[in-house]
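Q: got a sequence here, can you model it:
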Amino acid sequence: MENQRLTILKMLERGRLTAEEALRLLEALDATGGTGRHRVRGAAAAGPAPRLRLSLVELDTGRSRAEAVLPASLVEFFLRLGLLGPGGTFRVAGQRLSGDLLLDALREGATGRILAVTDHDQNVRVEVFLE
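A: Numbers count the residues shown, from 1 in each chain. Prediction:
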């Protein structure tokens, strides 16, 4: 966790973050104990760190076109910084969605598919899973 703090402070020093952004990151780091999971009464949460999996599936064949797996803590980091889009939103299959959807799912410890959006123009379905 100390390395993460130093990284945030160096980013602040180099002008890559504002003081407000750095403060939000440090607070998020304290809240999760550096694990990407919120602590329960000061103790680190047990179990593996959650992951976010994005899957792009072709509508007509059901075949997976692309898949990406990211640590949920990294996704939360970008959402908290507001780096995914204006007003904490992000685009999925041409639709603008609120980052609060993912943050709430992460905070609640949700698992399984949390989002599915269909883009008929691109002939794909985008699915987001928390594992």
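Q: is L25 in contact with I8, as I believe?
A: Yes - between L25 and I8 there is a contact under Cβ atoms under 8 Å: 4.9 Å. Every residue, glycine included, has its C-beta placed from N, CA and C.
Q: what is in contact with those two at once?
A: Common contact partners of L25 and I8 (Cβ atoms under 8 Å, 6 or more residues apart in numbering): L17.
Q: assign a three-state SS to the most centrally placed residue in the chain, would you?
A: By Cα atoms, centre = their mean, the chain has its centre lying nearest to V75, at 2.0 Å. Assigned with DSSP: H, G, I helix; E, B strand; the rest coil, V75 falls in the helix class.
Q: how about the one 4 residues further on?
A: Under the three-state scheme (three-state DSSP), L79 adopts helix.
Q: for it, give its distance to A105.
A: Taking Cβ to Cβ, to the nearest Å as the measure, L79 falls 11 Å from A105.
Q: who has more neighbours, those two?
A: With neighbours defined as other Cβ atoms under 10 Å, L79 and A105 compare such that L79 has more, 22 against 19.
Q: centre of the chain to the helix or strand where L106 lies, how far?
A: According to DSSP states H and E, L106 maps onto helix 99-108. The chain centre lies 8 Å from the centre of helix 99-108; the measure is Cα atoms, centre = their mean, to the nearest Å.
Q: what do you get for stretch 15-26?
A: The chain centroid and the centroid of stretch 15-26 are separated by 18 Å, computed with Cα atoms, centre = their mean.
Q: and the contacts of that stretch?
A: Stretch 15-26 has contacts (Cβ under 8 Å, 6+ apart) with 5, 8-9, 11-12, 77, 80-81.
Q: hmm, try it at 6 Å
A: With contact meaning Cβ atoms under 6 Å, 6 or more residues apart in numbering, stretch 15-26 is reached by 8, 11-12, 80-81.
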